[in-house]
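1. I'll drop the sequence and a predicted model, then ask my questions.
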Amino acid sequence: MTEPDVTSQQHDTMQRAARDHLWMHFARHAGSQGGAEIPMIVRGDGPYVYDSAGRRYLDGLSGLFTVQAGHGREELAQAAAKQAAELAYFPIWSYAHPKAVELAERLAGLAPGGLNRVFFTTGGGDAVESAWKLAKQYFKMTGKPAKHKVISRAVAYHGTPHGALSLTGLPDLKAPFEPLVPSAFRVPNTNIYRAAEHRDDPEAFGRWAADRVEEAIEFEGPDTVAAVFLEPVQNAGGCFPPPPGYFERVREICDRHDVLLVSDEVICAFGRLGTMFGAQRYGYTPDIITFAKGVTSGYAPLGGMIVTDRLFEPFRHGTEMFAHGYTFGGHPVAAAVALANLDLFEREDLTGHVTRNRDAFRGTLERLLDLPIVGDVRGEGYFYGIELVKDRDTRETFGDDECERLLRGFLDKALYEAGLYCRADDRGDPVVQLAPPLVCDQSHFDEIEQILRSVLTEAWARI
C-alpha cells in the first residue's frame, strides 16, 4: 500500500457526496445507502489503479474493456489538452474539422477492404443504434422498404438505448423497459461448452449455429430482414469465440438473402483479439463495423460505425440524408485523443504484443482448470471468461440463489479486496471475465492467476 491520495477527511466527504448525489450505473445502492463504503478509484498507472486509501489493484477488465494502452499515458492527456486549446468543440452536422477528417481516413485505412465511410457517435450503444437505423433507411432508399427486422444472438449485449437494448439477448436486462423496439429476433450463440449437440465437433457446431441464422431469416422472410448483428467474440455469457467456419458461413448466408452483416466490435476492436478489428482475426468482411471503447483507450468518449461504400452510395447524390447524429459525435478532443492512441498502438506494436502473448495468457488461465469450481476457460487474445460450475463432470451450474451468494455475496468483494478488479457475471451462466490492458505481460498474467486461485479456492470451500 502506498500513501493515501486523499486525506481521511476528504475521503469521508467524497463518500457522503457519493451516497447523497451519485447515481451509479448498473449498481445496487442499498449497501451504500446503508453506510457501506463505495470503492473510490482516484488514479491509474499502467495496468494498475489506486483507490483513495492508496491501495493498488490490477485492472483486469481495462476499466470496462476499454483502457487498451493502460492508465496514465501522458501523451494522450497532452493530445487532449492541445486540441482543447486549439478547437475545443464544433459539430460535424454539415461541417467538418481536421481531427474528425484525419481520424475517419485513418480508421478507413485500418478497416477490412471496402469499409471506407466513418460515422462518429459518442459510444458503443449509440453506434449500434446508428447501424440499425442506417440499415433500415438504406433498404428503403434502394427499393426494399420491408427489410427492417434484425437478428442477434441469445445472451448477447449490444447496449442500453432502446434500439440497442432490443437487440440485446438478456431478458432480465430488458424487462424493466419493455415494450421495446419491435422486429428484433434471437438465434443461438456459439457457447459450445453448453451445446446440446456437436459439442465434440467444433466445425459441425459452427455449421449448426450459422444455419440457425439462415433459418431465422427464412422464417421471418428474407424480404423483411435488414441485418444480423454479431460480436466477433460474444461478451455476455462469458466470452464465446466463433467455431471454425462460423463467420464464413454467416457471410454467405447474408449475401444469399441480401442481409447486412454488422460486426459489433465495441469490445473486440483495437487490439483486444490481437488485430485492429475482430473481423480481421476471423477472416470475414462485414458491411458495418461498430466501435467505441478502445479507439481512445478510454481517455475520451468516442464511438462510431465504419460502413461499406455500397451503403453510402444512395446518399452520395441528390437531396437524401441520413437524418441522424449526436451533439458530441466526432468531438475534436476525442478525435485528437484517438489519433494519438493509434500512434501509440503503432509505436509500441500493441496488437503484435497481444498476438505474441495471447497463448501465454490462455495457458496461465488454464492452470485454473485444476480447481473443482472451474468448468471452462474460453476466449481469445486478451479477452477471457472463466465459467464456474458445481460439478465439472456433469457441468452442473449454480442456481439463482447460489449465484447471488457466490458472485455478489462473495466473489465481487473478495477479488477486489485481493487486489484484482474484474467482473463476476451471471447474465448467462456464472463466469469471471478478464480483459486486461494490452500492455500486460506474463508477470501480470501470473498475478491474475494467483489471485483467482486463492479466491476461487475459498469460494469452493464456502459452497
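-> Perfect, thanks for sending it. Numbers count the residues shown, from 1 in each chain.

2. who does the helix or strand where E447 lies touch, helix- and strand-wise?
-> For E447, the host element (DSSP states H and E) is helix 442-462. Helices and strands in packing contact with helix 442-462 are listed as strand 56-59, helix 350-366, strand 383-388, helix 412-417, strand 420-421, strand 431-434; criterion 3 or more C-beta pairs under 8 Å, 6 or more residues apart in numbering; DSSP states H and E. The C-beta positions use only the backbone N, C-alpha and C, and glycine is treated the same way.

3. list the buried ones in it?
-> Under the neighbour-count criterion of 16 or more other C-beta atoms under 10 Å, helix 442-462 has 444-445, 447-449, 451-452, 455-456, 459 buried.

4. sorry, back to before: could I get the helices and strands packed on helix 442-462 as JSON lines with mean pLDDT?
-> Compiled in JSON lines, the helices and strands packed on helix 442-462 are given as follows (pLDDT from 0 to 100):
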{"stretch": "strand 56-59", "mean pLDDT": "98"}
{"stretch": "helix 350-366", "mean pLDDT": "98"}
{"stretch": "strand 383-388", "mean pLDDT": "97"}
{"stretch": "helix 412-417", "mean pLDDT": "94"}
{"stretch": "strand 420-421", "mean pLDDT": "98"}
{"stretch": "strand 431-434", "mean pLDDT": "97"}
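
5. Just tell me which of those ends up closest to A226.
-> In terms of C-beta to C-beta, the element of these nearest to A226 is strand 383-388, at 28.3 Å.

6. what's near enough to touch M14?
-> Contact criterion C-beta atoms under 8 Å, 6 or more residues apart in numbering gives 6, 40, 52 as the residues in contact with M14.

7. if I've got this straight, I151 is in a strand?
-> Yes - inclusion of I151 in a strand is indicated when DSSP: H, G, I helix; E, B strand; the rest coil is applied.

8. mind listing what it touches?
-> Contact analysis of I151 by C-beta under 8 Å, 6+ apart lists 184-187, 213, 216-217, 220, 225, 227-229.

9. what about P301, how many neighbours?
-> Here the neighbour count serves as a burial measure; for P301 (other C-beta atoms under 10 Å) it reads 20.

10. same check, this time on D349
-> When counting by other C-beta under 10 Å, one arrives at 12 neighbours for D349.

11. likewise R362?
-> Applying the criterion other C-beta under 10 Å, we find 17 residues in the vicinity of R362.

12. Would you check how far apart it and L456 are?
-> Using C-beta to C-beta, to the nearest Å, one gets 17 Å for the distance from R362 to L456.

13. R310 contacts I288, correct?
-> No - taking contacts as C-beta atoms under 8 Å, R310 lies outside contact range of I288: 10.6 Å.

14. Neighbour count for those two, which is higher?
-> Neighbours per residue (other C-beta under 10 Å) separate R310 from I288, with I288 holding more: 28 against 13.

15. So, low pLDDT: which residues of the stretch 1-150 of the chain?
-> Residues of the stretch 1-150 of the chain that meet the criterion pLDDT under 70 lie in 1-3.

16. quick one, what contacts E215?
-> V187.

17. are any of the contacts of M14 buried, and which?
-> If we count by 16+ other C-beta under 10 Å, the contacts of M14 have these buried: 6, 52.

18. Nearest to F90 among the contacts of M14?
-> Using C-beta to C-beta, the shortest approach to F90 within the contacts of M14 belongs to M40, at 34.9 Å.

19. what number of residues lie near P176?
-> The local packing of P176 (other C-beta under 10 Å) involves 6 other residues.

20. What's the separation between it and R462?
-> Applying C-beta to C-beta, one obtains 31 Å for the distance of P176 from R462.

21. any idea how far L165 is from K147?
-> As defined by C-beta to C-beta, K147 lies at a distance of 21 Å from L165.

22. what's the answer for R186, then?
-> With the distance defined as C-beta to C-beta, R186 ends up 13 Å from L165.

23. between these two, who's got more neighbours?
-> More crowded of R186 and L165, by other C-beta under 10 Å: L165, with 22 against 17.

24. what sits against that one?
-> 158-159, 173-174, 177, 180.

25. Does L107 touch V118 like I think?
-> Yes - the pair formed by L107 and V118 meets the contact definition of C-beta under 8 Å, at 5.2 Å.

26. Mutual contacts of those two, please.
-> Taking C-beta under 8 Å, 6+ apart as the contact rule, the neighbours common to L107 and V118 are 304, 306.

27. Any of the contacts of I151 buried? List them.
-> Of the members of the contacts of I151, the ones counted as buried by neighbours, 16+ other C-beta under 10 Å, are 184-187, 213, 216-217, 225, 227-229.

28. Pick the one among those closest to Q10.
-> For the buried ones among the contacts of I151, the closest approach to Q10 (C-beta to C-beta) belongs to F229, at 44.7 Å.

29. so that closest one sits in a strand?
-> Yes - residue state for F229 (three-state DSSP) corresponds to a strand.

30. Hmm, it is touching A135, no?
-> No - taking C-beta under 8 Å as the contact criterion, F229 and A135 are not neighbours in contact, 9.4 Å apart.

31. Find the residues that touch each one of those two.
-> Shared contacts of F229 and A135 (C-beta under 8 Å, 6+ apart): 150, 262.

32. Neighbours of the residue nearest to D412 when sequence neighbours are not counted, how many?
-> Ranked by C-beta to C-beta, 6 or more residues apart in numbering and with sequence neighbours excluded, the top spatial neighbour of D412 is A424, at 5.1 Å. Residue crowding around A424 was assessed by other C-beta under 10 Å; the count is 23.
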